[in-house]
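Colleague: Any chance you could fold what I've pasted below:
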Amino acid sequence: MTEIIAHLAEDELVSSWRYRQMLEHETPALLDFDQDVWASLGQYSAWSPEDAFAMFRLLREANLRMFERLTASQWERDGIHAERGLITVREHCRHMAAHDINHIEQIKRILVPVPEG
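Modeller: Below is the predicted model of the structure:
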């Protein structure tokens, strides 16, 4: 479970950079990253759940503060994602929300396994 939270935290870090690149530059290339390499380099298994969640929370709060101030045209700024192609700030934000939900459901299954039978 801690590894999932650490993944969410570092994915929020990457997304923070991507949002800001789209807002600063005209249609920048948004490079991908190998989540398995990041997990190995970051030693996710050695993190405490509290530290992983604290990192995620602080990065997410910074993004939420930024989102509150975006204009309509800023939400439509775009970049070229390595895997998904042309994507706007709004679309990337929605993608990350779905990504979060997926991992929250995964954590729920770990914490409360479905009874067999």
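Colleague: gap between Ser16 and Ala46?
Modeller: 23 Å (Cβ to Cβ, to the nearest Å). For every residue, glycine as well, the C-beta is placed using N, CA and C.
Colleague: out of these two, which sits in the more crowded spot?
Modeller: The neighbour count for Ser16 versus Ala46, taken as other Cβ atoms under 10 Å, is higher for Ser16 (15 against 10).
Colleague: Is that one located within a helix, as I assumed?
Modeller: Yes. Under DSSP: H, G, I helix; E, B strand; the rest coil, Ser16 falls within a helix.
Colleague: which residues in this protein form helices?
Modeller: Using DSSP state H, the helices of the chain run over 2-24, 35-42, 49-69, 72-75, 89-111.
Colleague: Of all those, which one is nearest Glu83?
Modeller: Nearest to Glu83, of all the helices of the chain, is helix 89-111, at 10.4 Å by Cβ to Cβ.
Colleague: contacts for that closest one?
Modeller: Helix 89-111 is contacted by residues 1, 4-5, 7-8, 11-12, 15, 18-19, 22-23, 67, 70, 74-79, 81, 84, 87 when judged by Cβ atoms under 8 Å, 6 or more residues apart in numbering.
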